[in-house]
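okay, structure incoming, though there's no sequence with it:
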């Protein structure tokens, strides 16, 4: 991941007038949930700007799996943060989750 970030002061300006969907990747979800992540404040500000402007975050089931796995894994090891992410994704109606492959046993 690049260390280059858009300054928080420019996020609202960039999103001004933007209409549509914004893809949210696993690194964003992790930064949003992980208060120890150096990008946490930036992710929080960006999330608030996206939701505040009525934009639609779009992600995939595999993106969720990746973020949940990393939050639960040895490096972060925060099951509570993974549960918070799962709750956010399941209960925020503006998030569109695209299913790329069926999960679970096939019939």
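Yep, that arrived. Computed from a prediction, not measured in an experiment: that's the story for all the values here. Residues are numbered from 1 along each chain as shown.

got a list of what the residue nearest the centre of the chain touches?
By C-alpha atoms, centre = their mean, the chain has its centre lying nearest to residue 29, at 3.0 Å. By C-beta atoms under 8 Å, 6 or more residues apart in numbering, the residues touching residue 29 are 59, 63, 64, 67, 85. For the C-beta atoms, the positions are set from N, CA and C on the backbone; glycine is no exception.

what sits against residue 51?
Residue 51 neighbours (C-beta under 8 Å, 6+ apart): 57, 92, 94.

any chance of CSV for the contacts of residue 29, columns pLDDT, neighbour count and secondary structure?
Conversion of the contacts of residue 29 to CSV gives the following (pLDDT from 0 to 100; neighbours: other C-beta atoms under 10 Å; DSSP: H, G, I helix; E, B strand; the rest coil):
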residue, pLDDT, neighbour count, secondary structure
59, 87, 21, strand
63, 86, 21, helix
64, 83, 20, helix
67, 85, 27, helix
85, 82, 22, helix
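
closest to residue 10 among the residues you listed?
Set against residue 10, the nearest of the contacts of residue 29 by C-beta to C-beta is residue 59 (23.2 Å).
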